[in-house]
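> structure of the sequence below:
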Amino acid sequence: MSGQTERSFMLLEHLVAHPQGCSLSSVSTALGLPLSATHRLLAELIRLGYVRQDQSHGEYVLTIKLVAMGLSFLSSTGITDIAQPLLDQLAAEAGELVRLAVVDGDALIFVAKAQGARSGLRYDPDMGLSVQLSCSAAGHAWLATMTDEEALQRVARQGFGKPEDFGPKAPTTVKALLAHLKLARSRGFSVINEVFAPAMTAMAAAVRDPRGQVIGVVTIAGPLIRLTEERMLALGPTLMNTAAQVGQASSGSALFRRAA
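The predicted structure follows:
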């Protein structure tokens with residue numbers, strides 16, 4: 001049963017990454033499962049309401065059941081009531097995408113956002129994604145709160161990822177990553193330039209609860225043509241102030257208390 005449960009979650013995660021839908025054969029190939037076993041898993045997930053099969057093309061897609069469950073969970077934790085006004089205010093000032101990620105074990109998960117860009121290029125990736133620690137502003141801000149040894153242990157468990165999946169300046173060695181973390185510690189926030197993606201920049205500051213425990217990060221991200229390094233350095237104090245405010249208010253959220 002445990003093996004079937006694991007395969008079911010692998011299948012759901014695969015479909016999350018393919019919102020346009022997947023054929024039975026493509027799912028089978030991606031997961032390395034026989035067609036018959038893949039079909040049984042999909043049939044069970046359809047019965048439970050997590051997956052549906054497109055009647056015109058026969059491809060399998062997720063229903064909104066998982067989304068509804070996630071939104072219901074976040075609503076019940078109180079995190080959106082606490083953080084959203086602060087994220088909205090920061091997004092309006094920065095004019096770019098602002099997001100909040102919370103610590104969940106060894107991972108950072110984005111749970112809330114505010115879009116400050118009203119025209120032109122808009123960076124707006126999917127929510128609920130686990131942060132790539134070595135190649136993101138959020139990851140660098142969190143890792144910078146640890147010792148080098150602790151940070152490298154977390155990165156080792158996740159891996160550096162494939163260089164072709166990130167920006168041209170993504171760190172691929174321990175030395176390069178530690179240089180980013182050293183700079184983030186000296187500034188109080190992280191800054192990346194074409195690290196996570198080409199022509200994109202981002203910055204992040206750690207969120208600490210009233211006891212000083214790191215429970216998340218607040219990020220600002222946007223196109224390099226607008227969110228230049230000079231602009232990010234100017235936004236640094238405002239970003240850190242927002243992170244501090246979120247941290248002070250965190251005791252009102254069950255999700256933040258669990259992270260702590």
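> so what pLDDT did the residue of the chain positioned farthest from its centre get?
What lies farthest from the middle of the chain is residue 36; by C-alpha atoms, centre = their mean that is 33.7 Å. As predicted, residue 36 sits at a pLDDT of 93.
> and it, how far from residue 193?
Distance of residue 36 to residue 193, given as C-beta to C-beta, to the nearest Å: 49 Å. Placement of C-beta: from N, CA and C, glycine included.
> repeat for residue 9
35 Å.
> of those two, which one has the most company?
Each of residue 9 and residue 193 has its neighbours counted (other C-beta atoms under 10 Å); residue 193 has more, 19 against 10.
> next, the residue nearest to the more buried one when sequence neighbours are not counted: secondary structure please.
Distances taken as C-beta to C-beta, 6 or more residues apart in numbering put residue 201 closest to residue 193, at 5.1 Å, once the chain neighbours are dropped. The local conformation at residue 201, judged by DSSP: H, G, I helix; E, B strand; the rest coil, is strand.
> shouldn't residue 201 be in contact with residue 222?
Yes. Taking C-beta atoms under 8 Å as the definition, residue 201 is a contact partner of residue 222 at 6.6 Å.
> tell me the mean pLDDT over stretch 175-187?
97.
> ditto for stretch 63-83
Rounded mean pLDDT across stretch 63-83 is 68.
> ditto for stretch 147-155
The model assigns stretch 147-155 a mean pLDDT of 96.
> following whatever helix or strand residue 85 lives in, which helix or strand shows up next?
Per DSSP states H and E: residue 85 is located in helix 79-94. Sequence-wise, the next helix or strand downstream of helix 79-94 (DSSP H and E) is strand 97-104.
> just how off-centre is the helix or strand following that next one within its chain?
The first helix or strand that comes after strand 97-104 along the chain, using DSSP H and E, is strand 107-115. Distance of strand 107-115 from its chain centroid, counting by C-alpha atoms, centre = their mean, to the nearest Å, is 6 Å.
> would you mind pulling up the elements that strand 107-115 packs against?
helix 79-94, strand 97-104, helix 137-143 (3 or more C-beta pairs under 8 Å, 6 or more residues apart in numbering; DSSP states H and E).
> thinking residue 42 is in contact with residue 61, fair?
No. Counting by C-beta under 8 Å, residue 61 is not a contact partner of residue 42; they are 10.7 Å apart.
> could the helices and strands packed on strand 107-115 go into a markdown table alongside mean neighbour count and distance to residue 217?
Converted to a markdown table, the helices and strands packed on strand 107-115 look like this (neighbours: other C-beta atoms under 10 Å; distance: least, C-beta to C-beta, whole Å):
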| stretch | mean neighbour count | distance to residue 217 |
| --- | --- | --- |
| helix 79-94 | 19 | 12 |
| strand 97-104 | 23 | 5 |
| helix 137-143 | 29 | 5 |
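> wait, which of those is closest to residue 231?
When these are compared by C-beta to C-beta, helix 79-94 sits nearest residue 231, at 8.5 Å.
> the closest one vs strand 97-104, what angle?
When axes from the mean of the first three to the mean of the last three C-alpha atoms, to 10 degrees is applied, the directions of helix 79-94 and strand 97-104 differ by 140 degrees.
> next, give phi and psi for the residue nearest to residue 42 when sequence neighbours are not counted.
Excluding the flanking residues, the one nearest residue 42 by C-beta to C-beta, 6+ apart is residue 60, at 5.5 Å. Per-residue torsions, residue 60: phi -100, psi 130 (degrees, to the nearest 10).
> so what's residue 60 up against?
Taking C-beta atoms under 8 Å, 6 or more residues apart in numbering, we find residue 60 in contact with 15, 21, 22, 23, 24, 27, 42, 51, 52, 53, 54.
> within the helices and strands, which one has residue 244?
Going by DSSP H and E, residue 244 is part of helix 229-249.
> who touches that helix?
By C-beta under 8 Å, 6+ apart, the list of residues contacting helix 229-249 reads 82-83, 86-87, 89-90, 93-94, 98, 100, 187-189, 191, 193, 201, 203-210, 215-218, 220.
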